[in-house]
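# Sequence plus the predicted model coming up.
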Amino acid sequence: MTAAGRGRPPVFDDVARARYLAVLAGGGSMVDAAAAGGITARWASHLASVDTGFAEARRVAKRDGKAARSALRPHGSEGRYVHEKCRCELCTKAAATERQARRDAAGDVTAGVGEVSLLVASRSQEVFLPAEAA
């Protein structure tokens, strides 16, 4: 056992740990939080794997940070509907509008196709139909 006052002082003390968790809970990235705590993001991950108390505090801070970042994004966007799974009326309408705009911009995908080839799996025969019938 090392005598008191000997050895290398801890780099990630309680003050640095509090700064790390505060930045993370405020919506900062893992790299930004690690820089605020004076460590690397890899060291924070390692510490979470060996210290269950820190791992739990980090999990809570990450959850709070995600909520903080989400609160900054406005409703009424397709991105919020898709990436954040927001199903409010504004985001749902925005996603439907954007989806329809993409479909309209793509136009008729069958334009210029003279025949459509269909494979009948039970008979292994190809049947050609005019494009109007397809």
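Cool, the structure landed. Fair warning: this is a prediction, and the values are worked out from it, not measured in the lab. Residues are numbered from 1 along each chain as shown.

# tell me the contacts of Thr40?
Listed by CB atoms under 8 Å, 6 or more residues apart in numbering, the contact set of Thr40 reads Ala34. The C-beta positions use only the backbone N, C-alpha and C, and glycine is treated the same way.

# likewise Val23?
By CB under 8 Å, 6+ apart, Val23 lies in contact with 32-33, 36-37.

# which one of those residues is nearest His75?
Asp32 (25.8 Å; CB to CB).

# Show the model's pLDDT score for Val11.
Val11 carries a pLDDT value of 79.

# Contacts for the helix of greatest length in the chain, please.
Longest helix in the chain by number of residues (criterion: DSSP state H): helix 52-72. With contacts defined as CB under 8 Å, 6+ apart, helix 52-72 is touched by 17, 21-22, 24-28, 33, 44, 47-49, 84.

# Turn these into TSV, including distance to Pro9.
Listed next are those as TSV, based on distance: CB to CB, whole Å:
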residue	distance to Pro9
Arg17	14
Leu21	20
Ala22	22
Leu24	23
Ala25	26
Gly26	27
Gly27	31
Gly28	26
Ala33	21
Ala44	19
Leu47	16
Ala48	21
Ser49	23
Glu84	42
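
# Going by neighbour count, which of those comes out on top?
Leu24 (27 neighbours; other CB atoms under 10 Å).

# That residue belongs to a strand?
No. If the criterion is DSSP: H, G, I helix; E, B strand; the rest coil, then Leu24 is helix and not within a strand.

# Wait, it touches Gly37, no?
No. Using CB atoms under 8 Å, Leu24 makes no contact with Gly37, being 9.1 Å away.

# Dihedrals phi and psi, the residue nearest the centre of the chain?
Ranked by distance to the mean C-alpha position of the chain (CA atoms, centre = their mean), the top residue is His83 at 6.5 Å. Note on His83: its backbone torsions stand at phi -80, psi -30 [degrees, to the nearest 10].

# For stretch 41-57, C-alpha coordinates in PDB please.
C-alpha atoms of stretch 41-57 as PDB (Å, rounded to 0.1, in the frame of the first residue of the first chain):
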ATOM      1  CA  ALA A  41     -13.100  10.200 -24.200                       C
ATOM      2  CA  ARG A  42     -11.400   6.700 -24.200                       C
ATOM      3  CA  TRP A  43     -10.300   7.100 -20.600                       C
ATOM      4  CA  ALA A  44     -13.900   8.100 -19.600                       C
ATOM      5  CA  SER A  45     -15.200   4.900 -21.300                       C
ATOM      6  CA  HIS A  46     -12.500   2.800 -19.500                       C
ATOM      7  CA  LEU A  47     -13.400   4.400 -16.200                       C
ATOM      8  CA  ALA A  48     -17.100   3.600 -16.700                       C
ATOM      9  CA  SER A  49     -16.200   0.000 -17.300                       C
ATOM     10  CA  VAL A  50     -14.400  -0.400 -14.000                       C
ATOM     11  CA  ASP A  51     -16.300   2.100 -11.700                       C
ATOM     12  CA  THR A  52     -20.000   1.200 -11.500                       C
ATOM     13  CA  GLY A  53     -20.800   4.500  -9.600                       C
ATOM     14  CA  PHE A  54     -19.300   6.600 -12.400                       C
ATOM     15  CA  ALA A  55     -20.900   4.400 -15.000                       C
ATOM     16  CA  GLU A  56     -24.400   5.000 -13.600                       C
ATOM     17  CA  ALA A  57     -23.700   8.800 -13.200                       C
END
